[in-house]
Structure formats: C-alpha cells, structure tokens
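*Asks:* Provided below for reference: sequence and predicted model.
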Amino acid sequence: MPVKNSTLANPDPIIMTPKEVNDDLFEYLSIKGFKIRSSASPSEIDIRAVKK
C-alpha cells in the first residue's frame, strides 16, 4: 500500500508522477534518435519508440 512521502522517516528524494516520467523518457529517447508516439488513450501503451 502506498505511503505519502511526507510521512516517511527518510523521505524519498525523487518522487515523479507518471506524466513526469513519460515527459523525461520522451525527451531522452528523442535525443537518442528515436521516433516516438505518445498514447491517445489510457488503455494504450504510454510511449512507443522506434529507432530512426
């Protein structure tokens, strides 16, 4: 069961939302030369990447 970061004795220094993770992955993969497509709906895979 998830615990709020603020209640931890040693808070986790890196807490990211799924959108932040996807945005960072999108940027990283773009730099590495991948063609990227984001999902159009929640039921799809978040990011699809193909090497150019």
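*Replies:* Perfect, thanks for sending it. Residues are numbered from 1 along each chain as shown.
*Asks:* where does the prediction get shaky in this protein?
*Replies:* For the chain, applying pLDDT under 70 flags the ranges 1.
*Asks:* what about the strands in it?
*Replies:* 34-38, 47-51 (DSSP state E).
*Asks:* K4: which of those is closest?
*Replies:* Smallest distance to K4 across the strands of the chain (C-beta to C-beta): 27.4 Å, for strand 47-51. Every residue, glycine included, has its C-beta placed from N, CA and C.
*Asks:* got the buried residues for the closest one?
*Replies:* Buried residues in strand 47-51, defined by neighbour count with 16 or more other C-beta atoms under 10 Å: 47, 49.
*Asks:* can you add distance to T7 and give the strands of the chain back as TSV?
*Replies:* As requested, those are exported to TSV (distance: least, C-beta to C-beta, whole Å):
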stretch	distance to T7
strand 34-38	33
strand 47-51	31
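*Asks:* quick one: stretch 15-28 to chain centroid distance?
*Replies:* Distance of stretch 15-28 from the chain centroid (C-alpha atoms, centre = their mean, to the nearest Å) equals 3 Å.
*Asks:* residues in contact with that stretch?
*Replies:* Residues outside stretch 15-28 that contact it (C-beta atoms under 8 Å, 6 or more residues apart in numbering): 5, 36, 38, 46-47.
*Asks:* change it to 10 Å
*Replies:* Stretch 15-28 has contacts (C-beta atoms under 10 Å, 6 or more residues apart in numbering) with 4-6, 14, 34, 36-39, 46-47, 49.
*Asks:* the residue most distant from the middle of the chain, which is it?
*Replies:* A9 (25.8 Å; C-alpha atoms, centre = their mean).
*Asks:* just the helices in the chain please.
*Replies:* 18-31 (DSSP state H).
*Asks:* need the residue closest to the centroid of it.
*Replies:* The residue lying closest to the centre of the chain (C-alpha atoms, centre = their mean) is V21, at 2.0 Å.
*Asks:* quickly note the distance from that residue to S30.
*Replies:* In this view, V21 and S30 are 15 Å apart by C-beta to C-beta, to the nearest Å.
*Asks:* for N10, same thing?
*Replies:* According to C-beta to C-beta, N10 and S30 sit 34 Å apart.
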